[in-house]
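Asker: predicted model and sequence below, questions to follow.
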Amino acid sequence: MADQNGNGTGAAPASNGAGAAPASPKFSVLAQYTKDMSFENPNAPRTLGPQQTAPNISVQINVNARQLAPTDYEVSLVLEGGAGQGADTMFKFELNYAGVFRVENFPPEQLQPVVMIEGPRLLFPFARQIIADAVRGGSYPPLYIDPIDFHSLYLQRLAAAGGQQQQRTA
C-alpha cells in the first residue's frame, strides 16, 4: 500500500531548500447563520391581490467584517429592501446573514480583499434563498435578487473611503 500525503499523488511535499515547504493559502467556512431577519407585510391583505403595475423594488447591500481570532473573521452580509412605497408598501425585509471564515497563509495585503469579497460571495446564495422564501411566505411571488459582483462593490467602497481620506487631509 502506498503512503500518501493527502493530495492523492503519493509524492512527498516539495521543499524550498530552507526547511518546510510554504503553506498554501486556505479559506474555510467554519459557520454560517442568520443573525437577524425581519419581514413586514404592513398593508396585507389589501396589497395581496393582482397588481396593475409592477411594484418599485429596492434592495440595499452592505458587507461588514470583524476579526474574531488571528485567522478567523466574521463577515456579515446585510440585505435590506422592499416593494412599493408609502401607503402602497407591499413588503419590507431586512436580513443580516453572517459567516465565520478561517483565512490562513495569505499575504497580509490580500487578507482584506479575500475576506470582503470571497466571504460575502459564499454567503450570498443562502441569503438570497432566505429572502425569496420570506417573500413567498408573505403571499407574494418569491423575490430572487440578481447576483452581486462583490469585487466591484469592494472597489467602490475602497474608492469612497479613499475620497473621504483625501477630504480629511485637505
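Answerer: Now that the structure is in, tell me what you want to look at.
Asker: quick one, helices of this structure?
Answerer: 108-113, 119-137, 150-169 (DSSP state H).
Asker: closest one to Phe39 among those?
Answerer: helix 119-137 (4.3 Å; C-beta to C-beta). To be clear about C-beta, it is placed using only N, CA and C from the backbone, and glycine gets the same treatment.
Asker: for that closest one, buried residues please.
Answerer: For helix 119-137, a neighbour-count test (16 or more other C-beta atoms under 10 Å) marks 119-124, 127-128, 130-131, 134-135 as buried.
Asker: could you do stretch 99-112 as well?
Answerer: So, applying 16+ other C-beta under 10 Å, buried residues of stretch 99-112: 99-101, 103, 106.
Asker: out of those, who's nearest Asp72?
Answerer: Nearest to Asp72 among these, with distances taken as C-beta to C-beta, is Val100, at 5.9 Å.
Asker: my guess is the closest one meets Ala69, correct?
Answerer: No: taking contacts as C-beta atoms under 8 Å, Val100 lies outside contact range of Ala69: 9.3 Å.
Asker: what's the burial count for Asp72?
Answerer: 16 (other C-beta atoms under 10 Å).
Asker: from Asn41, how far out is the spatially closest residue to it that is not a sequence neighbour?
Answerer: Spatial nearest neighbour of Asp72, chain neighbours left out: Arg102 (5.4 Å); criterion: C-beta to C-beta, 6 or more residues apart in numbering. From Arg102 across to Asn41, the span is 39 Å (C-beta to C-beta, to the nearest Å).
Asker: equivalent analysis for Leu48, please.
Answerer: 8 Å.
Asker: comparing those two, which shows the higher neighbour count?
Answerer: Asn41 (19 against 13).
Asker: next up, phi/psi of that one, please.
Answerer: Backbone torsions for Asn41, taken as degrees, to the nearest 10, come to phi -130, psi 70.
Asker: pretty sure it is touching Thr89, no?
Answerer: No: counting by C-beta under 8 Å, Asn41 stays clear of Thr89, with 9.0 Å between them.
Asker: which neighbours do the two share?
Answerer: Thr47 (C-beta atoms under 8 Å, 6 or more residues apart in numbering).
Asker: at the geometric centre of the chain, which residue sits there?
Answerer: Pro120 (2.1 Å; C-alpha atoms, centre = their mean).
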